[in-house]
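**Q** can you look at this prediction? I've put the sequence above it.
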Amino acid sequence: MLRSSILRAVDFCNRYAWSVIVVGVALAAASSVYTVRHFAIKTDVKDLFPHDLPWTQQAFELMKAFPQPEMLVVVDAPTPELVDQASTQLAEALTHRPDRFRAVHEMQGGPFFQRNGLLYLPESEVARLTQGLVQADPLLQTLAADPSLRGALGTLDLGLMGVQYGQIQLDDLARPMAMVSDTVQDALAGRPASFSWRALSSGKAPEPQELRRFIEVEPVLDYSALEPGRAASDAIMQTVRELRLDHDYQARVRLTGLVPMNDDQFATIRESAPLTAAVSLVSVFVILWLALRYKRIILAVAVNLAAGLAISAAFGLLVVGALNVISVAFFVLFVGLGVDFGLQFSVRYRAERHEYGALRPALRSAARKAGAPLALAAAATAVGFSSFMPTSYRGLSELGQIAGGGMIIAFLTSITLLPALLTVLKPPAEPQPMEFAALAPVDWFVQRYRIPVVGTTLLVVVLASPLLLFMRFDFNPLHLRNPNAPSIATFLDLRRDVQTGRKRDRDHGAEPGFSGGNRPPPVDGPTSCPDHDNR
């Protein structure tokens, strides 16, 4: 019954070829218009999980009670004063952009640390600093009264007077004079120059964590875009340029966190998509050329594939409403699998064309011999994809719906539109049988020595099986990301610093959490204050 139904369908398409082509092209065009108008992709990974499961409800309640900033701004500068001023200006400017940021929090600055920052230092360090400030009181008063180059030189003059009257030792001025000399030389040479009064008062060079500040940002995300946080990231970098932080404070501003990392991942996919698509299409056409040889048959298969893809895309959007980050892979799956139906039917048609000579009998014979196997393959593939549907994970479930239906559509177009196209294009007859004479010895060898071939294969499998004990699974999704992406490079840089991230074993997962991405370094306490979380 199945074979006869397919045979009648091919006969009908052969008899009314132009009508079938017009209907098929019109349906594909209408599907393309529908896809363009209704195409949408949801990039919020939280929507991939069902909201009615107990663990997801608890996770949503936890995130609602304790919202986690998903973007971290990293500010570096040559001196503690410069990094403080740069981060403070940037944080203040970002708070005036409610259209892009819901909340902005300067982790190591603000009124709290201005009042209580010294309390986070060890008692001995506080005593040393306060003693130094008391001793430097006359110098600080002079500088505060005239915070210019003249005031700075006056301060140094007071220091020399103190040496003259024996109040301080000449060696005590060695470091301040050296710092001033280095700054002046850099300025005269046109190099970036900086002078840190904080480093001068502390009596030692600033620690690396003193030259870095963090700003936690809760961005406004647009999940209808491929990169939901790109507008917020661009707004931050635009603000950095407008404030001239690199020029005025020699500041370097970087972004990391879940949102920038996901955006960079999608950006990498988007940037590589043209090249990937081109390589895939060229590979498909090379395979079609090797199998079909004739341009007319290749054209028929290509048109059939494009029509099936357009119809399947419209079907998928009609079923699920919007694609997600997993179901969007349907397009690649359809090209890779859907082309097989047209390829197999066309190869069988070529073989039958050599036997029968005429086009119509060749199509009938191809439908009779290849129709049922193709239907069985389509059904098996569709059932395989449909097995994803019962899962509660929406990403796979929707992919199963779209891809399963797409395989049926690819089969239907291959026994309707493809025969009609072959009828109209009228490819030439096949002068030679469809066979590869050079591979005949291989067939003979396999048939003649079938038992040794099977036995050798089983022996190799048995000998290789112990290697499974050494198979290792990499649970770290971070290793799937591009390490050269700006946000990933920033995160890896912070992880290597013991002050900003715990030393994790490289083989352990670094992207825990319900949100499916890396919790930025603030989880491990990137702050110059060890008790920062206690405030």
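**A** The structure has been received and is ready for your questions.
**Q** now this structure, which segments are flagged as low pLDDT?
**A** Where the chain drops to pLDDT under 70, the residues are 68-69, 110, 132-133, 135-140, 142-144, 146-153, 155, 158-204, 499-535.
**Q** switch the cut-off to 50
**A** 503-535 (pLDDT under 50).
**Q** heading C-terminal from whichever helix in it runs longest, find the next helix or strand.
**A** Counting residues, the longest helix in the chain under DSSP state H turns out to be helix 258-292. Sequence-wise, the next helix or strand downstream of helix 258-292 (DSSP states H and E) is helix 295-320.
**Q** what helices or strands is that next one leaning on?
**A** helix 17-38, helix 258-292, helix 330-356, helix 394-414, helix 417-425 (3 or more C-beta pairs under 8 Å, 6 or more residues apart in numbering; DSSP states H and E). All C-beta spots, glycine's among them, are computed from the backbone N, C-alpha and C.
**Q** tell me which other helices or strands the following helix or strand past it touches.
**A** Going down the chain from helix 295-320, the next helix or strand is strand 323-324, by DSSP H and E. With contacts taken as 3+ C-beta pairs under 8 Å, 6+ apart, strand 323-324 sits against strand 41-42, helix 394-414.
**Q** got the ones you listed as CSV, with distance to Leu2 and mean neighbour count columns?
**A** CSV is the format used below for the helices and strands packed on strand 323-324 (distance: least, C-beta to C-beta, whole Å; neighbours: other C-beta atoms under 10 Å):
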stretch, distance to Leu2, mean neighbour count
strand 41-42, 37, 18
helix 394-414, 12, 23
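**Q** nearest to Val332, out of the ones you listed?
**A** Proximity to Val332 (C-beta to C-beta) singles out helix 394-414 among these, at 10.2 Å.
**Q** who's in contact with the most centrally placed residue in the chain?
**A** What sits nearest the mean C-alpha location of the chain, by C-alpha atoms, centre = their mean, is Gln265, with 1.6 Å. With contact set as C-beta atoms under 8 Å, 6 or more residues apart in numbering, Gln265 has these partners: Arg481, Asn482, Ala485.
**Q** switch the cut-off to 10 Å
**A** Glu227, Val325, Leu480, Arg481, Asn482, Ala485, Ser487, Ile488, Gly517 (C-beta atoms under 10 Å, 6 or more residues apart in numbering).
**Q** and the buried ones among the residues you listed, selectable in ChimeraX?
**A** ChimeraX command restricting the contacts of Gln265 to the buried ones, with burial defined by 16 or more other C-beta atoms under 10 Å:
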select :227,325,481,482,485,487,488,517
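**Q** the contacts of Gln265 in strands, which ones?
**A** Within these, no residue falls in strands by DSSP state E.
**Q** just put the contacts of Gln265 in CSV and tack on distance to His105.
**A** Shown next, in CSV, are the contacts of Gln265 (distance: C-beta to C-beta, whole Å):
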residue, distance to His105
Glu227, 23
Val325, 29
Leu480, 30
Arg481, 26
Asn482, 28
Ala485, 25
Ser487, 19
Ile488, 23
Gly517, 20
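**Q** now distance to Leu119 too, for the helices and strands packed on strand 323-324, in CSV please.
**A** Below are these laid out as CSV (distance: least, C-beta to C-beta, whole Å):
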stretch, distance to Leu119
strand 41-42, 47
helix 394-414, 48
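**Q** these: which one's closest to His96?
**A** strand 41-42 (30.2 Å).
**Q** given the top strand by length along the chain, what are its sheet partners and their directions?
**A** When secondary structure is assigned using DSSP E, the longest strand within the chain turns out to be strand 212-219. Strand 212-219 pairs in its sheet with strand 71-76 (antiparallel), strand 101-106 (antiparallel), by DSSP bridges.
**Q** after that strand, next one along is what?
**A** helix 230-243.
**Q** what does the helix or strand just after that next one contact?
**A** Downstream of helix 230-243, the next assigned helix or strand under DSSP H and E is helix 245-248. By C-beta under 10 Å, 6+ apart, the surrounding residues in contact with helix 245-248 are 75, 77, 82-83, 85-87, 89-90, 93, 192, 239-241, 251-253.
**Q** same thing but at 8 Å, please
**A** Contacts for helix 245-248 (C-beta under 8 Å, 6+ apart): Val75, Ala86, Gln89, Leu90, Val240, Ala251, Arg252, Val253.
**Q** ok, stretch 416-428 next?
**A** Stretch 416-428 has contacts (C-beta under 8 Å, 6+ apart) with 9-10, 13-14, 16-18, 20-21, 24, 294, 296-297, 299-301, 303-304, 307, 342, 345-346, 349, 353, 359-360, 363, 367.
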